[in-house]
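Trainee: can you look at this prediction? I've put the sequence above it.
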Amino acid sequence: MSTLRLDGRVIASHLGFLFKGRRYYYLPAYDQEFSRFSPSKVLMAKLIERSFHENGVFCFGSGTYPYKLDWCQTVGEVKIPIVFFDPAARRALDDYIDLRSYGRVAVQQ
């Protein structure tokens with residue numbers, strides 16, 4: 001959990017993960033009262049700086065959202081294969097797994 005504070009007041013926060021030198025950007029939030037100052041962007045910039053200072057990688061997560069181009073020159077999209085080895089298991093899971101909810105991230109063959 002990372003926070004950005006102004007006079008002790010939390011104006012932006014971020015719940016993320018750090019694993020093997022890779023910082024995953026997951027759930028940001030900010031105080032609407034300060035939105036014109038973009039506190040989430042300020043906090044993200046600090047997290048990116050910290051990642052680079054630690055010789056790590058900052059991972060924005062899935063999706064090719066335009067805001068990512070503010071921070072880098074190119075955006076790549078990771079695909080997640082979903083493999084079912086047993087057709088019976090696949091049918092049994094149909095009610096619980098909706099592959100459409102994964103959007104463009106999932107690839108099904």
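Mentor: Thanks, I have it.

Trainee: could I get the buried residue list for the biggest helix by length in the chain?
Mentor: If you go by DSSP state H, the chain has its longest helix at helix 39-53. Residues 39-41, 43-44, 47-48, 51 are the ones in helix 39-53 that count as buried (16 or more other CB atoms under 10 Å). For the C-beta atoms, the positions are set from N, CA and C on the backbone; glycine is no exception.

Trainee: contacts for it?
Mentor: Helix 39-53 is contacted by residues 2-4, 11-14, 16, 23, 25, 28-31, 57-58, 70-71 when judged by CB atoms under 8 Å, 6 or more residues apart in numbering.

Trainee: mind checking which of those are buried?
Mentor: Buried subset of the contacts of helix 39-53 (neighbour count, 16+ other CB under 10 Å): 4, 11-14, 16, 23, 25, 28, 30-31, 58.

Trainee: low-scoring stretches of the protein, by residue?
Mentor: Along the chain, segments meeting pLDDT under 70 span 75-80, 99-109.

Trainee: could you check how far residue 84 is from residue 90?
Mentor: As judged by CB to CB, to the nearest Å, residue 84 and residue 90 stand 4 Å apart.

Trainee: host element of the residue located most distally from the centre of the chain?
Mentor: Using CA atoms, centre = their mean, the residue of the chain lying farthest from its centre is residue 88. It sits 33.4 Å away. Using DSSP states H and E, residue 88 maps to helix 87-93.

Trainee: how about residue 14?
Mentor: According to DSSP H and E, residue 14 maps onto strand 9-19.

Trainee: please state the offset of that strand from the chain centre?
Mentor: From the chain centre to the centre of strand 9-19 is a distance of 12 Å (CA atoms, centre = their mean, to the nearest Å).

Trainee: what is that strand packed up against?
Mentor: Helices and strands touching strand 9-19, by 3 or more CB pairs under 8 Å, 6 or more residues apart in numbering; DSSP states H and E, are strand 2-6, strand 22-30, helix 39-53.
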